[in-house]
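In: the following comprises the amino acid sequence and a computationally predicted model.
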Amino acid sequence: MSAMSHAGSTYRSPQGRAAVSHIVGRDPETLDEHGVSRAAIESAAENFSDGVVGPIIWFAVLGLPGLFFCKAVNTLDSMIGHHDSTYEHFGKFAARLDDAVMAVPARIAGLLIVITAAIGIGTRGGEAWSAVIDDAEKHRSVNAGWPEAAMAGALGLALAGPRHYRDFIVDDAWMNENGRADATAEDIGRALSLYRKAGAGLAAMLLNGSWRSPEPELCFPLARNRTGPLPLPATRKDDPPEKLGGGREGLRA
């Protein structure tokens, strides 16, 4: 996260553009201050879905196997799921699988950002919701539009839009088109604050649900009640002594 803020404040230097190139796939040489800042904020929004909400949701459903599966699919998509001359066909399966795996978490992430913006100071819950309703489905990614539109509306920014990648230009729709396109390093800090608050809200809801659930494994499959002795196997009155406790010595004990 600190690298994102640093990228926005040092965009004029090669180090600044190099920093943002690690978190987005677009060509950093085409980015000015506002482009670097928008890229960092869009990455924060999308990674809230992919890196926080998605793994938690899959862990809640399937435990550790679900978490590992989610991260493996997301990492594969990040590595090869690109529209370019190198990965166009090889990465298509990874991209489509990631779309399916992240469909529900992405929408939950967008709603969490909207709710957090509504109850926070300096953010706009109403505009975040309007941006999600109006623009999320216009994004070239079936999932990224939800958290990005919510973040754009919450901060009063216009995100996404036309972008330059290595081999091509994407003429994408703007998320919250009426917002400011001239994002700055200060806006990156606001985005990261909203990111942290939304994550804390998600953690609070999960902890509250786990505390109230009579059986913790309903919230987290790997959670188990370890208190008290393990139950003994059921026996019948006519079982031979060997089954009841190991012969006569077992009976005397």
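Out: Arrived safely, thanks for sending.
In: CA only for contacts and neighbour counts going forward, please
Out: Fine.
In: in the stretch 51-200 of the chain, which spans are strands?
Out: 159-160, 163-164, 169-170, 174-175 (DSSP state E, counting those that start in this stretch).
In: dump the ones you listed to CSV, plus distance to residue 73 and mean neighbour count.
Out: Below are the strands of the stretch 51-200 of the chain laid out as CSV (distance: least, Cα to Cα, whole Å; neighbours: other Cα atoms under 10 Å):
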stretch, distance to residue 73, mean neighbour count
strand 159-160, 23, 27
strand 163-164, 25, 16
strand 169-170, 24, 12
strand 174-175, 26, 26
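In: can you get me a residue count around the residue lying closest to residue 119 once chain neighbours are set aside?
Out: Once flanking residues are discounted, residue 119 sits nearest to residue 125: 7.4 Å by Cα to Cα, 6 or more residues apart in numbering. Neighbour count for residue 125, taken as other Cα atoms under 10 Å: 23.
In: next one: residue 190
Out: Residue 190: 16 neighbours (other Cα under 10 Å).
In: what's the answer for residue 79, then?
Out: Neighbourhood size, residue 79 [other Cα under 10 Å]: 12.
In: how far away is residue 184 from residue 157?
Out: 10 Å (Cα to Cα, to the nearest Å).
In: so between these two, which is more surrounded?
Out: Remark: of residue 184 and residue 157, residue 157 carries more neighbours, 22 against 18, as counted by other Cα under 10 Å.
In: by contact count, what packs against the longest helix anywhere in the chain?
Out: For the chain, the helix that runs over the most residues, judged by DSSP state H, is helix 185-212. Packing contacts for helix 185-212, counted by 3 or more Cα pairs under 8 Å, 6 or more residues apart in numbering; DSSP states H and E, involve helix 2-9, helix 33-47, helix 103-119, helix 145-155.
In: in it, what counts as buried?
Out: Applying a neighbour-count criterion of 16 or more other Cα atoms under 10 Å, one finds 185, 187-192, 194-195, 197-199, 201-202, 206, 210 buried in helix 185-212.
In: what is the orientation angle of that helix with helix 103-119?
Out: Here helix 185-212 runs at an angle of 110 degrees relative to helix 103-119 (axes from the mean of the first three to the mean of the last three Cα atoms, to 10 degrees).
In: what mean pLDDT does helix 185-212 have?
Out: Mean per-residue pLDDT for helix 185-212: 88.
In: report the contact partners of the nearest residue to residue 68 once chain neighbours are set aside.
Out: Leaving out its chain neighbours, the residue that sits closest to residue 68 by Cα to Cα, 6+ apart is residue 55, at 7.9 Å. Shown in contact with residue 55 (Cα atoms under 8 Å, 6 or more residues apart in numbering): 66-68, 70-71.
In: so which of those belong to helices?
Out: Checked against DSSP H, the contacts of residue 55 include these in helices: 66-68, 70-71.
In: out of those, which is nearest to residue 133?
Out: Nearest to residue 133 out of these is residue 70 (Cα to Cα; 26.4 Å).
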